[in-house]
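Enquirer: turn this into a model:
(4 chains)
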Number of protein chains: 2
Amino acid sequence: MTLTARPEGENTKELILRTALALFRGCGFEITTMRDIARAAKVATGAAYYYFPSKEAIVSAYYDQVQRTHAKKVREEWKEKSGLRERLGILLHSKLEILKDDRRFLGALFRYTGDPEHPLSVFGKGTQSQRAHSMAIFREAIAEAELSEEMQQLLPSALWLAHLGMILCLIYDESQDQQKTHKLVDGVLDLLAQAIEWTNSAFVRPFLQPFQAKVLHMLQDAGWA
Amino acid sequence: MTLTARPEGENTKELILRTALALFRGCGFEITTMRDIARAAKVATGAAYYYFPSKEAIVSAYYDQVQRTHAKKVREEWKEKSGLRERLGILLHSKLEILKDDRRFLGALFRYTGDPEHPLSVFGKGTQSQRAHSMAIFREAIAEAELSEEMQQLLPSALWLAHLGMILCLIYDESQDQQKTHKLVDGVLDLLAQAIEWTNSAFVRPFLQPFQAKVLHMLQDAGWA
DNA sequence: GCTAGCATTTGAACATGTTCAGTTCGGAGG
DNA sequence: CCTCCGAACTGAACATGTTCAAATGCTAGC
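Expert: Numbering: from 1, shown residues only, chains lettered A, B, ... in the order given. Here you go, the predicted model:
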């Protein structure tokens, strides 16, 4: 009497996921019906719900997959690259690259942003571990850089949040190859690099340090750091 | 043969809106059914759709109302207050005050954030005029302050965006009387005031001006300013 | 090989947002 | 006062996400 997860289970799950994503990509998230997905995957409607608690959960599973792929890819590309600016550039641009064909349904990730109770809310309890994984990569990206205590504390969360903004920007970006978003990423990173340089300069630090300290204290107060 | 909008129409619309909000406040947005609303307002289900294109549109109408109330209130409270810091404080805290009892359904405003096509998307075409109205108040708030060209260009949009974040924060804020959000607002405003002081100081401006210029240029490039 | 038990799968039923073909009715035009 | 048009409203029908009781069929243990 052992709990045996049968292998064909994973296959079916995989099949449903792949089928759903293909349809989402082709017709959009709204238009595609759970019945469409089931029919295309040649299973009953209920089967999809055996593996995914909701339609949005399919997109969430996709995003988990993206994050694993992305982490692997980035850690590979990072070998021997040590500058913070360059590492973050690789991190963010490769994420855009991975997501670029999925803008039609990526927005589903944000559907429950305004609902703290929902298990799929970007900021909610239910996505805590995904957030942690995502922030971990940012922490790795900046690990070897020379940063003030405050920056080390703040940057991972700040970058994670900014990167959510980037994804939203990507979704709205109709420019050729989403250059607009790529450019914006580079622009922001340049400014960040500049700002970090300042905080490390003996000349400017005396002014910026108390500023940083205030920011950190404020966010700790709010339970965000 | 004139197109006569009958007065009882507005009454019914008002009734449906009020009834819906009462239910949303009491039971939450998800739980409350369009049939519940119609029943409570003693009209047919279809009546609600005669006045509001969707359930979320009811919340959107509520928010329009909030914005009008808020604008009036703030312009009143602003009389004789001229400091940027204080004016923004009044603006934001009074908004929190107005919204504080409606956190249960406020999140519905963000439901279509990830869908550029949706008429109710916060960043979409369909809400352009609401955005314009909202930004106008921020523009008024800072109108009399001494600000660099760049700040004048950037602040209204930036503040509007930050204020969206504030609302999201409010929704997630479970602290007593939402002090957490209020404190955060004050903290951020203090930092902003500090930053503005710097950009106006002959000593620091030479460093910050090119920084600001880059930010402005970047956002103009992205079509955001 | 047999069987019990559980993972897997089914498809009809359900809940709820939304649509729509009609019905009602107030008032403008005669 | 009558007629007619269109605003206001009705409620049944529809679409689709989701649930669930029942069916199926592996596989572990014998």
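Enquirer: next, give phi and psi for A:Arg111.
Expert: Phi and psi for A:Arg111, reported as degrees, to the nearest 10, are phi -60, psi -30.
Enquirer: isn't it up against B:Arg111?
Expert: Yes: with contact defined as C-beta atoms under 8 Å, A:Arg111 counts as touching B:Arg111 (6.3 Å). All C-beta atoms are positioned from the backbone trio N, CA, C, and that covers glycine.
Enquirer: and chain A, which residues reach DNA strand D?
Expert: A:1-2, A:4, A:6-7, A:32-35, A:45-46, A:49, A:53-56 (C-beta under 7 Å from any atom of the strand).
Enquirer: quick one: contacts for A:Thr181?
Expert: A:Thr181 makes contacts with A:Leu96, A:Met166, A:Cys169, A:Leu170, A:Asp173, A:Ser175, as judged by C-beta atoms under 8 Å, 6 or more residues apart in numbering or on different chains.
Enquirer: the first one: neighbour count?
Expert: Same thing as A:Leu96. Look at A:Leu96: counted by other C-beta atoms under 10 Å in any protein chain shown, it has 19 neighbours.
Enquirer: please report how far it lies from DNA strand D.
Expert: Applying C-beta to the nearest atom of the strand, to the nearest Å, the value for A:Leu96 to DNA strand D is 28 Å.
Enquirer: which helix or strand contains that residue?
Expert: Using DSSP states H and E, A:Leu96 falls within helix A:84-99.
Enquirer: and after that helix, which helix or strand comes next?
Expert: Heading C-terminal from helix A:84-99 (DSSP H and E), you reach helix A:103-106.
Enquirer: the helix or strand following that next one vs helix A:84-99, what angle?
Expert: Going down the chain from helix A:103-106, the next helix or strand is helix A:128-142, by DSSP H and E. Helix A:128-142 and helix A:84-99 meet at an angle of 140 degrees, taking axes from the mean of the first three to the mean of the last three C-alpha atoms, to 10 degrees as the criterion.
Enquirer: tell me what helix A:128-142 is packed against?
Expert: helix A:55-78, helix A:84-99, helix A:149-172 (3 or more C-beta pairs under 8 Å, 6 or more residues apart in numbering or on different chains; DSSP states H and E).
Enquirer: can you tell which of these is closest to A:Arg25?
Expert: helix A:55-78 (10.3 Å; C-beta to C-beta).
Enquirer: now the closest one, how far from the centre of its chain.
Expert: Relative to its chain's centre, helix A:55-78 lies at 8 Å (C-alpha atoms, centre = their mean, to the nearest Å).
Enquirer: count of neighbours near A:Ile58?
Expert: 25.
Enquirer: list the contacts for it?
Expert: A:Ile16, A:Leu17, A:Ala20, A:Leu21, A:Phe24, A:Ile37, A:Ala48, A:Phe52.
Enquirer: mind putting those in CSV, secondary structure included?
Expert: Shown next, in CSV, are the contacts of A:Ile58 (DSSP: H, G, I helix; E, B strand; the rest coil):
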residue, secondary structure
A:Ile16, helix
A:Leu17, helix
A:Ala20, helix
A:Leu21, helix
A:Phe24, helix
A:Ile37, helix
A:Ala48, helix
A:Phe52, coil
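Enquirer: just those residues now: which is nearest B:Trp160?
Expert: A:Phe24 (31.2 Å).
Enquirer: low pLDDT regions in chain A?
Expert: A:1-3, A:9 (pLDDT under 70).
Enquirer: hmm, try it at 90
Expert: Residue ranges of chain A with pLDDT under 90: A:1-11, A:80-82, A:144, A:146, A:149-150, A:198, A:200-208, A:223-225.
Enquirer: spell out which parts of it neighbour chain B.
Expert: A:30, A:106-111, A:113-116, A:123, A:168-169, A:171-172, A:180, A:183-184, A:187-188, A:190-191, A:194, A:198, A:204, A:207, A:211, A:214-215, A:218, A:221-223 (C-beta under 8 Å from any C-beta of the partner chain).
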